[in-house]
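Asker: Here is the input, now give the coordinates:
(one chain, ligands or ions: 1)
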Amino acid sequence: MRNFFLFLALFSLNAVARPTAPGNTQIAIETQRTALVIRVNKEGDPTVVHLGKRLQNSAEYGLLSDNNKRGEDYTNLYNSAYTPAGSRNLLEPALQVAHADGNPSSDLKYVRHETKTVADGVVLTTVFLKDPQYPFEVKLFYKAYQNEDVIEQWSSIRHTEKKTVRLQKYASANLYVPAKNYYLTHFHGDWAREMNPQEIQLTAGLKVLDSKLGTRADLFQPPSFLLSLNKPAEEETGEVIAGTLAWSGNYQIQFEVDPLQNLRLIAGINPYASEYMLAPDKEFVTPAFLFTYSNSGKGQASRNLHRWARKFRIPQGEGNRLTLLNNWEATYFDFNEEKLTTLFKDGKKLGVDLFLLDDGWFANKYPRNDDHTGLGDWQENKQKLPHGLGYLVKEAEKAGIKFGIWLEPEMVSPKSELYEKHPDWVIKLPNRAEYYFRNQLVLDLSNPKVQEFVYGVVDGILTKNPTLGYIKWDCNAVIYNAFSATNPNPTHLYVEYVQGLYKVLERLRAKYPTLPLMLCSGGGGRVDYGALNYFTEFWPSDNTDGLERIFIQWNYSYFFPAIAMCNHITDWGKQPIKFRTDVAMMGKLGYDIVVSKLDEKELAFSQQALQTYSRVKDVIWQGDLFRLISPQTNDMASLLYVSEKQDKAVWFSYLVGNRYREGSMAPIPLKGLNPGKKYKIQEVNTMPGDNSPINRNQAVYSGDYLMTVGFNPVVDARRTSVVLEISEQN
Ligand code: GLA
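Answerer: I've put the predicted structure just below:
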């Protein structure tokens, strides 16, 4: 009974909002619509007291209760902004270290903070923390992108202790959200079946998303998630946080429903086998965790991330991309100069901007005629290409298109001259049998000599062929037998691999800032905003079946913008070419087909489609995405890209089931248009000779009508994919 009264007393205390105690510091990290509020409590600990909608009057953040107590926080640390381990903490820490004297505990007290505008619409807040017992400091960084409602958050660790400090866990972000329930959508996959969503209600305790693959964050589990608060968010309703870690290696994201039923989120590099020895005066900077909060559903969250990515992250995110013809599925390893020059002409006939020569063009002692040999030996194969890459660049240019190549510079075949010359550059254990992923091994990018080699390979090719127009940078293996023969700190390998890769990419980008670079990884195993700092586009999956791609692209679209998504039309799927083309148009379109095998009608359709694409691509690449009907739960998929000015839109709809009379039975209400504007709807991408039922009707509709009543794109078993161009009428 006494406890009951105590509970009531606590409850009522909590229910009445209390102003901040004098001396308390409140740090509001705000964007246009979001706020993350950190309060320094009486003990000097930085705590998260709000994450969600921004209040109109920021003074009222002071009224927020200390940690949404629904019971007792024995530690006063449950809502820490960076939970230190080993002292009072009872839950998952963000930071775990062993100090130079062996002491395994930390405590982090607020020292000061500063806020400055670092670019137009970008405000950086830095919170300085220090351990009262040690010369050990942590900085928490929060970059708030005002217009995009995205917060980029990371930390850095530095000390001046007498000897090395062992960092055992060093998260990028530690957040705290109170809600009634939490619904996590995470994604899982494998080769050719990437990005399958799964939504679960989080229960008390921990749920962990992670990767231990070494060279890539995803493949099995990408580092991106949607977290709905209170109830599952829909496209246009509900509270949701879309989060992703910008790191291409082992990562860990933990969701902990704590004893107070609040959610603690900790995201960063995976501590697995990654203890980091931090020398005095050196700074360890963690990768960024990115998130956006939306109280109007997943659609808004995606649009926020897309806008942010195009403006601030992806090189030339607001620029152009090249359409291309790739020869991988058309020839595999079997080609020569003659075959290729014919393909250049085919590419030109089709109407693409560039020809991309895929795997198999290199290595002589162990020629790359299949995927067992030659990786690492980046010299043109003399038999296939006696006149070298330079000749091909010229021949392509003569045919009127640009030329690009495939590279996989982080990898090595066991049968290669590189391996023979530099066995100590290869990641493997001295006393264990080699184990291969796609018959190959990974180079030790934690070794500066290897970094130099990889840089030299790419720079060498680009210096020799200055008009080379494109590189597809592949990464087809994970790290087995993780061990570096040269790294003085064996447990640094995983971390320094990724840092080494970024160093190389940084140098390449400095020298070649506008070169289009495709991020590929045996399918979509490497799609993250760490790598997308350097790459203009990514390869979502080797699975290019049109139907499968609707799902794969749909799920990537929660986090990544269309301009960066390479969608190629191939023969993998058996759908008509129109279907495959329509699907590929929902991003950066390319081809991987034998053009000469297209019949007359298919060729004419494709040539026309490329022209249509060049007219509408800016709406797709730069527009706002509205997902209308999800293929996950319907027999149809439908989505719309709307230009920022709301004067143009491109609307894609597909039939994804095959039951009798499935399709668009009724008008579909559109989104994102301007209610006051008038629009005309025109079907595009029809096969030559096909009459569109849509184009017979020349009505003009208001945005209000289209968004309230809707429009039927007439999708059925005969019209399995429909692309409609919506244009404003004056
Ligand atoms: C990976 C890529 C493919 C192709 C092959 C070449 O699987 O995803 O597109 O480039 O490698 O070996």
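Asker: helices or strands up against the helix ranked longest in the chain?
Answerer: For the chain, the helix with the greatest residue count under DSSP state H is helix 600-622. Helices and strands touching helix 600-622, by 3 or more CB pairs under 8 Å, 6 or more residues apart in numbering; DSSP states H and E, are helix 337-350, helix 577-584, strand 588-592, strand 636-642, strand 648-655. Every C-beta, even on glycine, is put in place using the N, C-alpha and C of the backbone.
Asker: mind redoing it with 7 Å?
Answerer: helix 337-350, helix 577-584, strand 648-655 (3 or more CB pairs under 7 Å, 6 or more residues apart in numbering; DSSP states H and E).
Asker: Residues in contact with the second one: which ones?
Answerer: By CB atoms under 7 Å, 6 or more residues apart in numbering, the residues outside helix 577-584 that reach it are 546, 549-550, 567-569, 573, 602, 605-606, 609, 652, 685, 687, 720-721, 723.
Asker: thinking again about what came up before, how about residues contacting the longest helix of the chain?
Answerer: Helix 600-622 has contacts (CB under 7 Å, 6+ apart) with 310, 318, 323, 350-352, 562-563, 577-578, 581, 585-586, 589, 598, 641, 643-644, 648-650, 684-685, 687-688, 725.
Asker: Got the domain ranges for this structure?
Answerer: Using automatic domain parsing, the domain ranges for the chain come out as 2-313, 324-409+449-477+498-624, 625-729.
Asker: of all those, which lies closest to the ligand?
Answerer: Nearest to the ligand, of all these, is domain 324-409+449-477+498-624, at 3.4 Å by CB to the nearest ligand atom.
Asker: which residues sit against stretch 360-367?
Answerer: The contact list for stretch 360-367, computed with CB under 7 Å, 6+ apart, reads 333, 335, 368-369, 373-374, 377-385, 405, 413, 415-417.
Asker: is that stretch up against the ligand anywhere?
Answerer: No. Figure legend: stretch 360-367 not in contact with the ligand (CB under 6 Å from any ligand atom); closest approach 7.5 Å.
Asker: Can you mark which positions in that stretch are buried?
Answerer: Judged by neighbour count using 16 or more other CB atoms under 10 Å, the buried positions of stretch 360-367 are 360-363, 366-367.
Asker: same question for that stretch, mean pLDDT?
Answerer: Per-residue pLDDT values over stretch 360-367 give a mean of 98.
Asker: before we move on, the earlier item: mean pLDDT for the domains of the chain: which is lowest?
Answerer: Ranked by mean pLDDT, the domains of the chain bottom out at domain 2-313, with a mean of 93.
Asker: and it, is it in reach of the ligand?
Answerer: No. Shown here: domain 2-313 not in contact with the ligand (CB under 6 Å from any ligand atom), separated by at least 8.3 Å.
Asker: how many degrees apart are the longest helix of the chain and helix 577-584 in direction?
Answerer: For helix 600-622 against helix 577-584, the angle between stretch directions is 10 degrees (axes from the mean of the first three to the mean of the last three CA atoms, to 10 degrees).
Asker: Do a quick rundown of the helices in the stretch 151-300 of the chain.
Answerer: Ranges of helices within the stretch 151-300 of the chain are 297-308, based on DSSP state H, counting those that start in this stretch.
Asker: quick one, strands of the stretch 451-600 of the chain?
Answerer: Remark: strands assigned in the stretch 451-600 of the chain by DSSP state E, counting those that start in this stretch are 470-473, 517-519, 537-538, 566-570, 588-592.
Asker: Repeat that for the stretch 51-200 of the chain.
Answerer: In the stretch 51-200 of the chain, the strands defined using DSSP E, counting those that start in this stretch lie at 95-98, 109-119, 122-130, 136-145, 150-159, 165-178, 182-188, 196-201.
Asker: Need the residues that contact the last one.
Answerer: Strand 196-201 is contacted from outside by 181-189, 232, 555, 632, using CB under 7 Å, 6+ apart.
Asker: so can I have CSV of these showing neighbour count and distance to Arg432?
Answerer: Converted to CSV, the contacts of strand 196-201 look like this (neighbours: other CB atoms under 10 Å; distance: CB to CB, whole Å):
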residue, neighbour count, distance to Arg432
Asn181, 15, 46
Tyr182, 22, 41
Tyr183, 19, 42
Leu184, 20, 37
Thr185, 20, 38
His186, 20, 32
Phe187, 22, 32
His188, 16, 29
Gly189, 22, 28
Pro232, 17, 46
Asn555, 24, 37
Gln632, 13, 42
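Asker: Max pairwise distance over those residues: which two?
Answerer: Taking CB to CB as the measure, the contacts of strand 196-201 span a maximum distance of 26.2 Å, between Asn181 and Gly189.
Asker: got CSV for the strands of the stretch 451-600 of the chain, with distance to the ligand and mean neighbour count too?
Answerer: As requested, the strands of the stretch 451-600 of the chain are exported to CSV (distance: least, CB to the nearest ligand atom, whole Å; neighbours: other CB atoms under 10 Å):
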stretch, distance to the ligand, mean neighbour count
strand 470-473, 6, 24
strand 517-519, 9, 23
strand 537-538, 11, 26
strand 566-570, 8, 24
strand 588-592, 8, 25
